[in-house]
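>>> Sequence and predicted structure are below.
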Amino acid sequence: GRDRTGSGERERERESEMEAFVGASALSVNAAQSAAVTHRRSAFVQSKSQARARVAGVGAGAGAAALKMVSAETAAKLAQTGDEFADKVINSIRFLAVDAVEKANSGHPGMPMGMAPTSYIVWDKHMKYNPKNPLWIGRDRFVLSAGHGSMLQYALLYLFGYDSVSIEDIKQFRQIDSCTPGHPENFETPGIEVTTGPLGQGICNAVGLAAAEAHLAATFNKPDAPKLIDNYTYCILGDGCMMEGVASEASSLAGHWGLGKLIAFYDDNSISIDGRTDIAFTEDVLKRYEAYGWQIIDVPEGNTDLAGLDAAIKEAKACTDKPTLINVTTLIGYGSPNKVDTYAVHGAALGADEVQATRDYLGWEYGPFEVPEEVTKHTNRKIQEGADLEAKWRAGFEEYKSKYPEEAKQFEDQCINNSLPAGWEDALKKAGEDSGSMATRQLSQVMLNALAPVMPGLVGGSADLASSNLTIMKGYGDFQKDSMENRNFRFGVREHGMGAICNGLCLYQGGLVPYCATFFIFTDYMRGAMRMSALSQAGIIYVMTHDSIFLGEDGPTHQPIEHLASFRAMPNCYMMRPADATETAAMYAIAVETRKTPCVLAFTRQKTEKLGASYEDAKKGAYILSCNSSSGNPDAILIGTGSEVNLCQDAAEKLRADGKTVRVVSMPCWEVFENQSAEYKASVLPSSVPMDKRLVVEAGSSFGWSRYAGVFQCIDGFGASGPANDLAKKFKLTVDDVVATAKTML
């Protein structure tokens, strides 16, 4: 709800459109009038216009500067659901959102007001959950992809009996250190499955959650025993999500995979921050999703038709081989007599006068943050119902265990306790010991295939680069519509969607350890999802190959430069660049056991030499690879990562031949090194060796390295196209170049 120069004309047009609707019979609104204000399919365009017309007296385009205050007589005409008690529950949801936003003077009241009926039907009639155990594995998952409407979710958690959100928490909406932040945060509020806010991410997470359910169900469920995994994933998304490209990537995959237990509700209100969506968004969304392979169901009267919403969900559940998009046509800010159906109600508090007008319009006689006792009694019944559902599930698990004890043990360890299987690290260490000199991307493949047999929760794949990233787990098949028990995911050329789906796979909390892969340069396409991994504490393993200019002839469009520095700058993210087999094994070990921090592993295209490092030392993030100083105070320290550690080692030998004492430090991961004790860090990089005697050698940006050294053999411009050896000479990354730079320090 921001003022914009030149918006008055558009507002007057909207008001004229609305007056035309109100002046006509609701049942005789013609297609030409409808087309003036909506771009939706002809099958439900008329219904939406009728819904707007029924909100008699509403100036649909009236902004905050020119409100048309309605009379009590007009207010009495507002249609609700026809079920008086349901209206009480729905309006409890609405006014918790309205009052919280008003108190904070910040937030988005419009979406919760419009989608309260849908949410009521989902949470009251369909969703399976135990409010007192938000992590029960058998629960349905709910994702608010339109995360700006977070008060909708907080109101639901409070009303339906979750301990994580109290009425006092709702009063602290958007305040420092509250558990009701501006957007839903899974790490902050139990009952929130995934962190949403950046539009489109939530629906992608929902695809990941549904894929996790499908995979685990195919893995553990048996035809002659109670189902251990059998849940739906519900998601609310809006026009903004539909516009974001990442949502299209994930939705396309959901249709391809046939995720029949994914049910998404499209809050089709045709309003975004800038006004009506038809100023920039006129495609037929439903036909698009139909083309993706989704079942499409329309609910044209989303603000009032509870029976239609209920029937739509039942129809969605009956379709087992396709995800379902339920198009819920709503009016944003439903109940606000002067701001309904305008951008003014999207992202700002209603204001005291409009809050009271809305109370009057909906006949709501309760004060701020007041919920009728009968509503609380009704919604809190879910506490006992949820406990009974979980108890029934646990009894079923005991029956399953009596028939399939080995599978039950694996399920309990992996899916309930989220523990790693025995022997996984031994498998990595042995793979590191047995592997010789080769490209680190090949070593990555060795590690993945060493883990695969001993770690059944390891799942993942590549963005159409499996043959280059070398990410196939051999013998474990492709996850597809008819083979969901398999563990290799084919994401296609959808880097951003891939990352966001993997966040959902991880945050399902079923013990899955997801990895995904592409060329390191293409993290540019998926950085939004990677940042959400870090923020959401989702331990994704990002396998990034072709990590420097040494990929060669593909040139600067494919050569990462600033990427190492950018991920080192990202909070709660481990940026790893191993140099050989031992370091690759050690970095994979850290990535596997670090379940709340994503790890980005950068691997070479070209061969590297095995260095003879210690696995235990490598797991410390940085260590002394070699040093010829008996005093521990060498003349110089050469610090390298990845393929450049070989350069440092060879250069050191030449310098030592000239009588210099030189220490070589390999630093595969800054963040892990920083977690070590001060004593250990000082032993590797002693203060007695000044910064101007420390040289960093890395085929990437020098940005950030000043914390460890004062001299840099790095690349602070774009790369070039050519053979790798020629590029090494051009960018002064040869042994002789390193020796020459080191001599200038000495």
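Received, thanks. What you see is a predicted model; the values in this text were computed from it and never measured.
>>> Pass me the low-pLDDT residue ranges in this structure, would you?
Along the chain, segments meeting pLDDT under 70 span 1-77.
>>> From residue 309, how far out is residue 374?
Distance, residue 374 to residue 309, using CB to CB, to the nearest Å: 22 Å. For the C-beta atoms, the positions are set from N, CA and C on the backbone; glycine is no exception.
>>> Check residue 694 too.
65 Å.
>>> Same question for residue 436.
Going from residue 436 to residue 309 by CB to CB gives 62 Å.
>>> Give me the more crowded residue out of the two.
residue 309 (26 against 10; other CB atoms under 10 Å).
>>> For the closest residue to the more buried one other than its chain neighbours, give me its contacts.
In space, and not counting its chain neighbours, residue 309 is closest to residue 121: 4.5 Å by CB to CB, 6 or more residues apart in numbering. If a contact means CB atoms under 8 Å, 6 or more residues apart in numbering, then residue 121 has 306, 309, 310, 313 as its contacts.
>>> so which helix or strand takes in residue 121?
helix 110-121 (DSSP states H and E).
>>> I'd like the next helix or strand past that helix.
strand 141-144.
>>> which residues touch the helix or strand following that next one?
Using DSSP H and E, the helix or strand that directly follows strand 141-144 along the chain is helix 150-159. Applying CB under 8 Å, 6+ apart, the external contacts of helix 150-159 come out as 89, 92-93, 96-97, 100-101, 107-109, 111-112, 115-116, 119, 123, 131, 142, 144, 164-167, 169-170, 173, 180-184, 189, 191-192, 236, 371, 375-376, 379.
>>> Now helix 150-159 - C-alpha only, PDB.
The C-alpha trace of helix 150-159 is given here as PDB (Å, rounded to 0.1, in the frame of the first residue of the first chain):
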ATOM      1  CA  SER A 150       2.500 -15.000   8.000                       C
ATOM      2  CA  MET A 151      -0.100 -13.900  10.500                       C
ATOM      3  CA  LEU A 152      -2.500 -16.400   8.800                       C
ATOM      4  CA  GLN A 153      -0.200 -19.200   9.900                       C
ATOM      5  CA  TYR A 154       0.400 -17.900  13.400                       C
ATOM      6  CA  ALA A 155      -3.300 -17.500  13.900                       C
ATOM      7  CA  LEU A 156      -3.800 -21.100  12.900                       C
ATOM      8  CA  LEU A 157      -1.100 -22.400  15.100                       C
ATOM      9  CA  TYR A 158      -2.500 -20.500  18.100                       C
ATOM     10  CA  LEU A 159      -6.200 -21.500  17.500                       C
END
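>>> Do you have the helices of the stretch 501-650 of the chain handy? List them.
523-536, 563-568, 581-593, 615-618, 644-657 (DSSP state H, counting those that start in this stretch).
>>> Show me the one of these that comes nearest residue 477.
Among those, the nearest to residue 477 by CB to CB is helix 581-593 (21.5 Å).
>>> how far out from the middle of the chain is that closest one?
24 Å (CA atoms, centre = their mean, to the nearest Å).
>>> Between helix 644-657 and it, find me the angle.
Relative orientation of helix 581-593 and helix 644-657, computed by axes from the mean of the first three to the mean of the last three CA atoms, to 10 degrees: 140 degrees.
>>> how about the strands in the stretch 201-350 of the chain?
Ranges of strands in the stretch 201-350 of the chain, per DSSP state E, counting those that start in this stretch, are 233-238, 262-268, 271-272, 275-276, 295-299, 324-329.
>>> Would you mind giving those as TSV with distance to residue 418 and mean neighbour count added?
Shown next, in TSV, are these (distance: least, CB to CB, whole Å; neighbours: other CB atoms under 10 Å):
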stretch	distance to residue 418	mean neighbour count
strand 233-238	19	28
strand 262-268	23	28
strand 271-272	39	22
strand 275-276	46	22
strand 295-299	33	21
strand 324-329	30	25
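>>> what's the closest of those to residue 662?
strand 233-238 (56.5 Å).
>>> What about the contacts of residue 121, which are in helices?
306, 309, 310, 313 (DSSP state H).
>>> residues touching the first one, list them.
The one in question is residue 306. Neighbours of residue 306 in contact, by CB under 8 Å, 6+ apart: 81, 83, 86, 117, 120, 121.
>>> Recalculate using a threshold of 10 Å.
Applying CB atoms under 10 Å, 6 or more residues apart in numbering to residue 306 gives the contacts 80-83, 86-87, 90, 117-118, 120-121, 124-125, 299.
>>> Which positions within stretch 209-219 qualify as buried?
209, 210, 211, 212, 213, 214, 215, 216, 217, 219 (16 or more other CB atoms under 10 Å).
>>> Next, work out how far apart the fifth one and residue 257 are.
With the distance defined as CB to CB, residue 213 ends up 11 Å from residue 257.
>>> if we can go back for a sec, ok, so of the contacts of residue 121, who is nearest residue 672?
Using CB to CB, the contacts of residue 121 come closest to residue 672 at residue 313, 46.6 Å.
>>> how far away is that closest one from residue 285?
Residue 313 is 19 Å from residue 285, by CB to CB.
>>> So which of the two has more stuff around it?
Each of residue 313 and residue 285 has its neighbours counted (other CB under 10 Å); residue 313 has more, 24 against 19.
>>> For residue 123, see how far away that one is.
In terms of CB to CB, residue 313 sits 11 Å off from residue 123.
>>> Show me whatever sits in contact with both of the two.
What both residue 313 and residue 123 touch, as defined by CB under 10 Å, 6+ apart, is the set residue 234.
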